[in-house]
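**Student:** turn this into a structure:
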Amino acid sequence: MYRVFNMGIGMTIVCSAQQVAELTTALPEAKIIGKVIQATDSKKVIIT
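**Tutor:** This is a model prediction of the structure:
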């Protein structure tokens with residue numbers, strides 16, 4: 001299936017750092033894939 005279909009991320013949820021534990025408890029299949037950080041220069045998107 002991975003060769004035929006786009007098996008990408010699917011749905012994303014953005015929450016505060018304080019809500020991560022509650023969210024991952026409510027949705028045990030959830031994975032943390034990144035974080036939102038404040039920009040310090042003129043770059044608009046940073047992929048790490």
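**Student:** quick one: pLDDT of Q19?
**Tutor:** Looking at Q19, its pLDDT reads 94.
**Student:** and it, what are its phi and psi?
**Tutor:** Dihedral pair for Q19: phi -100, psi 0, per degrees, to the nearest 10.
**Student:** centroid residue for this protein?
**Tutor:** I33 (3.9 Å; CA atoms, centre = their mean).
**Student:** quickly note the distance from that residue to S42.
**Tutor:** 25 Å (CB to CB, to the nearest Å). C-beta here means a position set from N, CA and C on the backbone, and glycine is covered the same way.
**Student:** how about the helices in this protein?
**Tutor:** Applying DSSP state H to the chain gives helices spanning 20-26.
**Student:** what about K35, neighbour count?
**Tutor:** By other CB atoms under 10 Å, the residues close to K35 number 9.
**Student:** do E22 as well
**Tutor:** For E22, the count of nearby residues is 10 (other CB under 10 Å).
**Student:** distance-wise, check it relative to I37.
**Tutor:** Computed as CB to CB, the E22 to I37 distance reads 21 Å.
**Student:** so where's the protein shaky on pLDDT?
**Tutor:** Low-confidence segments of the chain (pLDDT under 70): 43, 46-48.
**Student:** mind doing that once more with 90?
**Tutor:** Counting by pLDDT under 90, the chain has low-confidence residues at 1-11, 33-48.
**Student:** picking that back up, pretty sure the residue nearest to the centre of the chain is touching T12, no?
**Tutor:** Yes - using CB atoms under 8 Å, I33 is in contact with T12, at 7.4 Å.
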